[in-house]
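# Generate a structure from the sequence data that follows.
(one chain, ligands or ions: 1)
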Amino acid sequence: MSDTGPGEAHDTIDALLDEQRTFPPADDFVEQALVAGTFLYDEARQDDEGFWARQAADLVDWSQEWDTILDWQLPYANWFGGGTLNVAHNCLDRHVEAGKGDKVAFHWEGEPGDTRTITYRDLLDEVSQFANVLKGLGVEQGDRVNIYLPMIPEAAVAMLACARIGAPHSVVFGGFSSQSLADRINDAEAKVLITADGGYRRGEVFPLKPAADEACDASPTIDHVVVVKRGGNDVTMVEDRDHWYHELMDGASTDCPAEPMDAEHLLFLLYTSGTTGKPKGIMHTTGGYLTHATFTHRYVFDLHPDTDVFWCTADVGWITGHSYIVYGPLSNGCTQVMYEGVPNHPGNDRFWELVEKYGVTIFYTAPTAIRTFMKWGADEPAKHDLSSLRVLGTVGEPINPEAWMWYHEHIGGGRCPIVDTWWQTETGGIMISPLPGATTTKPGSATFPLPGISAEVVDDAGESVDVGGGYLTLTRPWPGMLRGIWGDPERYEETYWSRFPGRYFAGDGAKLDEDGYLWLLGRVDDVMNVSGHRISTTEVESALVSHPAVAEAAVVGATDATTGQAVIAYVILRGGEEVDGEALRAHVAAEIGAIAKPKQVYITPELPKTRSGKIMRRLLRDVAEGRNIGDTTTLADSSMFAELQAKAAAATED
Ligand code: 7RM
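Just a heads-up that it's a prediction; the model follows:
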């Protein structure tokens, strides 16, 4: 374990727990809700495997039924063994076959205001064509395909085309640098990369192709690059390697049968930060993942597929975009909004304009976004008719009660239930959340594990805690769970299953109140959470140390009013070297991506270390958050603190 524990967050949580507001579901909501009362929980508690089997049978189309619901060889789960299915068939063909071909799958809105309306039939045709294109480029079942795209419909098309032919995709968020992309391509040994010339962000085109080119220079496994034209920016096309998407699609057949895959066939890899510098390729497979994504999308959001318009504001480059823009919503056959750009272009009311324009009924976003909307003021949403909304969701980090109340009042008009959904890249889908027609909510609490999910808070010794704080663990396998870390089974066992034997350790602190409500306390390891994105302190430290002027670096996540945590770096320069903080911030952005850029870089002659040489991050966090340093007697040398504290105070002033 690292030197941090859930204890630190307890003061805040104790303050939260003092507030006793509760929000039971309203009568008119309960009347129309898919789930009211406790029946689903009761059923699942009696037989969780049977419960998941019923969901798999009711919500998913199988080509071949499974023989075994679950084969659990801790920590390896095999769900629906012997069963076969195709994920793209479930997301597309079955809806078209059921007569819903003309139904809108995506109301897509580009940042500049251009739009595309894509029906389920359109999407099926485009996915089938692109699946044929991939086959034409030599992609076969089991081959990995990398995707590095802006938030354009082609991102969903590319993912579904991969699923259709059984080629696992690995989507890399468009904000990551060429180096991060290359690392992920190389780890997955991908054959094909799908990218774009560029995309729109804050009124400008951001180029992607140059980063893709640099990544390919360092990625020997890539044979072909497919380039979607979106930004219109100039790009260099490499002969024989690079192809325009529209040229390949022109004339590609729409006939591409969806081949049934084994339930445990690898559907995708998604890389996420751990406590070391090397991101982990989280493995998700076909049958269990689709069951989990479909089930949670339907019941957590009380989805009525014929009438709801769902909008999840995440990027498809994150797990939230995978499960709640692509797989869950499309499997449920619902209509969605997909938006390319930022919330403040051209005005701070862009999101509310879109809610009104498309009649969004279910809106799913991150606490960091809500806190930003709060800063912009309640006048922005008040400019628009938001009466179509009926369910609101949050994900990515704990939501503070103040932001919850603001969301409830100014976006939800006081009438919409809020589902605070806790889950991870590793869990594949939502794990802990209210059900909007069944659960009385408390602002700031993710409430209870969903039906079929078993979670417990344990203390340091691994003993279950009934009331109070500890570590969040999951005690039973679930269908959407990760099946491993690509190429690294030891790390899988070590990271998730060794801290508390027999349990999955999520890496989060949590507290149970007297009523059994769960309050998430944030990460207890060296993983920061910046605007809901996971960034490892080690990864940023490695990036800093890769700069020729840097000798040593320590990075901490400090509490930040808007982004949850902010990256704060302390850097020791090599003798005789000089460099300013701005250059180092730019260096990190170039190495990892803009999301990992430190908010502050402090150049310091020394770092606080224990006598055994371990950097004392807790002290650095105290400094960054403006707290006085208490006892430093275990420090080897405490003289640098006065200077650092003065610098930190100066930084908070401006
Ligand atoms: C979906 C996603 C996972 C980490 C997780 C937590 C934090 C996510 C909540 C939350 C409190 C929530 N995947 N987290 N949701 N903390 N309440 N509702 O975010 O892999 O990128 O991050 O995010 O620390 O471990 S993720």
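# partners of Y271 in the sheet?
Listed beta-bridge partners, Y271: G281 (assigned using DSSP bridges).
# Tell me who's in contact with it.
Y271 makes contacts with 170, 172, 184, 187, 279-282, as judged by CB atoms under 8 Å, 6 or more residues apart in numbering. For the C-beta atoms, the positions are set from N, CA and C on the backbone; glycine is no exception.
# Please list only the buried members of the residues you listed.
Neighbour counting over the contacts of Y271 (16 or more other CB atoms under 10 Å) leaves 170, 172, 184, 187, 279-282 as the buried ones.
# give me the number of residues near K375?
K375 has 9 neighbouring residues, counting by other CB atoms under 10 Å.
# next one: the one 3 residues further on
Here the number of neighbours of A378 (other CB under 10 Å) works out to 12.
# correct me, but it touches G413?
No - judged on CB atoms under 8 Å, A378 makes no contact with G413 at a distance of 11.6 Å.
# Over to stretch 514-528 now: how far is its first residue from its last?
End-to-end span of stretch 514-528 (CA to CA, to the nearest Å): 29 Å.
# ok, it near the ligand or not?
Yes - counting by CB under 6 Å from any ligand atom, the ligand has neighbours in stretch 514-528: 520, 522-523.
# which parts of the chain sit against the ligand?
So far as CB under 6 Å from any ligand atom goes, the chain lies against the ligand at 272, 319-320, 395-398, 420-425, 446, 506-508, 520, 522-523, 529, 532, 534.
# which sections of the stretch 201-350 of the chain are below the confidence cut-off?
For the stretch 201-350 of the chain, no stretch has pLDDT under 70.
# What are the boundaries of the helices in it?
Along the stretch 201-350 of the chain, counting by DSSP state H, counting those that start in this stretch, helices occupy 209-217, 245-249, 287-300, 319-321, 328-331, 350-358.
# nearest to A594, of the ones you listed?
Each of these was scored for nearness to A594 using CB to CB, and the closest is helix 209-217 (11.8 Å).
# Please point out which parts of the closest one sit buried.
When neighbours are counted by 16+ other CB under 10 Å, the buried residues of helix 209-217 are found to be 209, 211-213, 215-216.
# and of those, the nearest to A566?
A211 (24.7 Å).
# From what I see, R491 and G281 are in contact.
No - the criterion here is CB under 8 Å, and R491 misses it with G281 at 10.1 Å.
# any residues in contact with both of those two?
Listed as contacting both R491 and G281 by CB under 8 Å, 6+ apart are I485.
# Could you check how far Y496 is from R476?
14 Å (CB to CB, to the nearest Å).
# higher neighbour count, these two?
A count of neighbours by other CB under 10 Å puts Y496 above the other of Y496 and R476, at 23 against 18.
# what's the closest non-adjacent residue to that one?
What sits nearest to Y496 in space, not counting adjacent residues and going by CB to CB, 6 or more residues apart in numbering, is Y504, at 5.4 Å.
# what does F23 give?
T441 is the one closest to F23 (CB to CB, 6+ apart), at 4.6 Å.
# Tell me how many other residues crowd the one you found.
23.
# For F173, see how far away it is.
On the measure of CB to CB, T441 and F173 end up 31 Å apart.
# Restricted to buried residues, select the residues of the chain next to the ligand in PyMOL.
This is the PyMOL syntax for the buried subset of the residues of the chain next to the ligand, where burial follows 16+ other CB under 10 Å:
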select buried, resi 272+319+320+395+396+397+398+420+421+422+423+424+425+446+506+507+508+520+522+523+529+532+534
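# Identify those among the residues of the chain next to the ligand that sit within strands.
In this view, these that belong to strands under DSSP state E are 272, 395, 420-421, 506-508, 520, 522-523, 529, 534.
# And these, which two are furthest apart?
Across these (CB to CB), the longest gap, 20.8 Å, separates T272 and D420.
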